[in-house]
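> here is my input; please provide its structure:
(2 chains)
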Amino acid sequence: MTRKKRRLTLVLVGMSCLGVAAALALSAFSDNLVFFYSPTDIAQKQPAAGRSMRIGGLVEDHSVTRTEGGKEITFKVTDGAHDLTVTYVGVPPDLFREGQGVIAEGKLDQGGVFVAASILAKHDERYMPKEVVDALKQSGQWRGDNPAASASAAPAVQAKAGS
Amino acid sequence: MTTLSIAELGHYALILALAVALVQAVLPMWGATRGDRALMAMAPNAALLQFGCVAFAMAALAHAYITSDFSVAMVIENSNSAKPMLYKITGVWGNHEGSMLLWVFILTGYGAAVALFGGNLPPALRARVLSIHGMIGVGFLLFILITSNPFLRVDQPPPDGQGMNPLLQDPGLAFHPPFLYLGYVGFSMAFSFAVAALIEGKVDAAWARWVRPWTLAAWCALTLGIALGSWWAYYELGWGGWWAWDPVENASFMPWLSGTALLHSAIVVEKRDTLKTWTIFLALLTFALSLLGTFLVRSGVLASVHAFATDPRRGAFILLLLGLVIGGSLLLYAVRAPTLRATGSFAVISREGALVLNNLLLSTACLTVFLGTLLPLFLDAVGGPKVSIGAPYYAATFMPLMMPMLVAVAIGPFLTWRRADLMPALAKLKVAFGVTLAVAVATGFVTQGKSFLAPLGLGVAAWIFAGTVAECMSRIRPFQRGAAIRAARQPRAAWGMTLAHAGLAMVVAGITVSTGWKQEGIQVLKPGQSMVVAGETYLLMSVKSIDGPDYSADQATVSVTGNGSLIAVMTPLQKHYPLQRQTVADVAIHTNLMADRYVVVGEKQPEGGWLMRIYWNPLVPWIWLGAVLMAIGGLVSLSDRRLRIGVPIRRRASSGKGSHVPA
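This next block holds a predicted model:
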């Protein structure tokens, strides 16, 4: 095999590798993108039951109850404007508390209750999930430690509502 | 009280380090261009001095933590006088500012190593390598001093600090960042050598022989660092899993993938004097991905919006630095790479060909991880929908790309350099193929054909293991005379490969079995009640309150019985940290290296009893044991005479007597 042919083979193998990777990634993207919804999004857009999604907000005070002999916990997630009932079977992560930010991954059931398959465990108590912060800003409930951030969020909400 | 505290001295040392790094970045490079030996000779001294300054700063910060100097803002935020000594020390890097200082400390440490052990590098090459290294140092020291100064003081020191996140108070996590950074930053050596080679326009076997040990060392550390991180997530977060394709995990996995590719392509440069431009590109890419990983985790793009909100300069600085390093090196690559000439040629079916395949598959797999990690960030940045990408995406993209590579791992080492025949190589793998088939069929029988992933995964693991053993035996021929001599004559690098590939087989087996056969149970238990998981009875014997140094806890005592005999008594904890108002479950794990029994005690129920979650995780320990074996393989390979610095020259001088004199 000549040098040129060898190089051509290499390039072809490389391109086909990339092609396969691109095809796999594109098809996987269409099936496996998990969209984030705030409770307000859920109320307004009414996403279909049975599709995997993430939801997030604050765990509403006094909303956490245990059912099924303590195995299942039920709580409400709120962004101030709307709330959403979430159930989860299992031990919630260590940082799960009323009043704290939370993100859950799972599906809506027919009755509009969010059945969480997992509640995301995070490393840091000071951490507020970015999605939750944005959702709170959207609903005007953000009480961040940075006044500039909340002030600049307000026009953004209006701009969204006007468009 | 004292006018000049140790913390202030540490701050000055950092500023001095920046000045030295500037000198190291500029003068030796200029000297190398002009052929001025005096200027070139400044590089090693500057590197050592820079290391000394940063080491002093590191020690000053450690001193502030150990003595609980609450005039330093970072100590207030992350430490507490009641904290155990180990975590006072590891608290130094358990936060943004300190971890960046650790980063620079390791960076300058590598630079000092080149200065000390690189005495027989060509002087111009050494000057250029250290100059590039100095430039990286300048960037990071500026970043620390401008945006993340660990030595910021407060006027009114409070009586005590806020303490450290209890989740981070753990020996596994304490040593996770240093190993991870030894890996990340270690790839800066390959980067500096690659840029220096581009400037000089020369890449040869000697160059590869210089680069390979550094890459190997960095790769070993990164392997251990990732394994430690995953192990920590497994036993500390209490969810029974060990890898979640979280962006933070992917950030360390991407440089590992391209670093693994680099490790293999550097062999081709060294042995066959070809694949030069590709190897250079991988060296640039691996360090770029290391930087990206550091930044994804440390800039707060992923973990917290507060880092940006409180100091937007941090994010901007980081992006600028990333852009300069990646843009600058790629520009240089585009201009200079075509001038690098390869002399060796090879057929597609050859050892080189197999290594090229390894490289292509590793880098495309790395690309799919890259897309999955960055697409959500990108969409968010351009105001698109908020999305996340989880395990199903990686199962559909990463896994199929890795499969052919795993199959090739067993075949590649049987192929000869330059040109090989596939058939004789495959013929030597007959036994391995039989073993693989038997394992796959047996697995299929056990799972009753319900899942094809289990037979596939275990079959591949068996194939790699049997193939690796077969290759090792074909070299040693243990049943013929003189096997001991042949074994002793094997180069260490060959042993390293055998160990690392066997470790890979263990990892694949561990992943497959733990995913396919995991069992779990969850139930509220009162003392005296029991539950059954995986055929074994877990009896909650008692729960008592205990007090630790900075927490109080409920300690459950659980006995495990199977087949009528006691297997273990386990004591999981539910810890409460009053200072941080945080509750942390301390998992109890009982392992026999074949399976883990994993017990988590949850919160106390109002109507009495504790929520217990119990997992039976078969073969999970093999994932970490395999990773450790891979790292050991890397270290054995690192000890190869050929890679020991200076040996090539010295051996030529002594005309190779073949005796094992330690160099």
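> what are the phi and psi angles of residue B:573?
phi -120, psi 150 (degrees, to the nearest 10).
> what does the one 4 residues further on give?
With angles defined as degrees, to the nearest 10, residue B:577 sits at phi -100, psi 110.
> which strand residues bridge it?
Taking DSSP bridges as the rule, residue B:577 bridges to residue B:582.
> what pLDDT does the model give it?
Listed pLDDT for residue B:577 reads 81.
> figure out how far stretch B:227-238 is from the centre of its chain.
Taking Cα atoms, centre = their mean, to the nearest Å, one finds stretch B:227-238 lying 14 Å from the centre of the chain it belongs to.
> what of stretch A:9-17?
On Cα atoms, centre = their mean, the centre of stretch A:9-17 falls 38 Å from that of its chain.
> same question, stretch B:162-171
With Cα atoms, centre = their mean, you get 22 Å for stretch B:162-171.
> likewise for stretch B:111-119?
How far stretch B:111-119 lies from its chain's middle: 23 Å, per Cα atoms, centre = their mean.
> next, the buried residues of it.
Going by neighbour count (16 or more other Cβ atoms under 10 Å in any protein chain shown), the buried part of stretch B:111-119 is B:111, B:112, B:113, B:114, B:115, B:118. C-betas here are computed from N, CA, C, even on glycine.
> now the strands for chain A?
A:33-37, A:53-59, A:65-67, A:72-78, A:83-89, A:101-108, A:114-119 (DSSP state E).
> actually the stretch 451-600 of chain B, not the one I typed
Using DSSP state E, counting those that start in this stretch, the strands assigned to the stretch 451-600 of chain B run over residues B:519-525, B:530-533, B:536-547, B:552-562, B:565-570, B:573-577, B:582-586, B:588-591, B:595-604.
> what is the second one packed up against?
Strand B:530-533 makes packing contacts with strand B:519-525, strand B:536-547, strand B:610-618 when contacts are defined by 3 or more Cβ pairs under 8 Å, 6 or more residues apart in numbering or on different chains; DSSP states H and E.
> so what are the domain limits for chain A?
Domain segmentation of chain A under automatic domain parsing yields A:1-33, A:35-155.
> and those domains, which one averages the lowest pLDDT?
Of all these, domain A:35-155 has the smallest average pLDDT, which comes to a mean of 75.
> residue ranges with poor pLDDT in the stretch 501-650 of chain B?
B:580, B:642-650 (pLDDT under 70).
> give me every residue in it lying close to chain A.
B:522-524, B:580-585, B:600, B:602, B:605-607, B:609, B:611, B:613 (Cβ under 8 Å from any Cβ of the partner chain).
> which parts of chain A are helices?
A:3-32, A:39-45, A:130-138, A:147-162 (DSSP state H).
> do the same with the stretch 151-300 of chain B
B:171-174, B:176-200, B:205-236, B:247-272, B:276-298 (DSSP state H, counting those that start in this stretch).
> buried residues in the longest one?
Residues of helix B:205-236 classed as buried under the neighbour-count rule (16+ other Cβ under 10 Å) are B:207-236.
> what helices or strands is that helix leaning on?
Going by 3+ Cβ pairs under 8 Å, 6+ apart, helix B:205-236 lies up against helix B:171-174, helix B:176-200, helix B:247-272, helix B:276-298, helix B:620-638.
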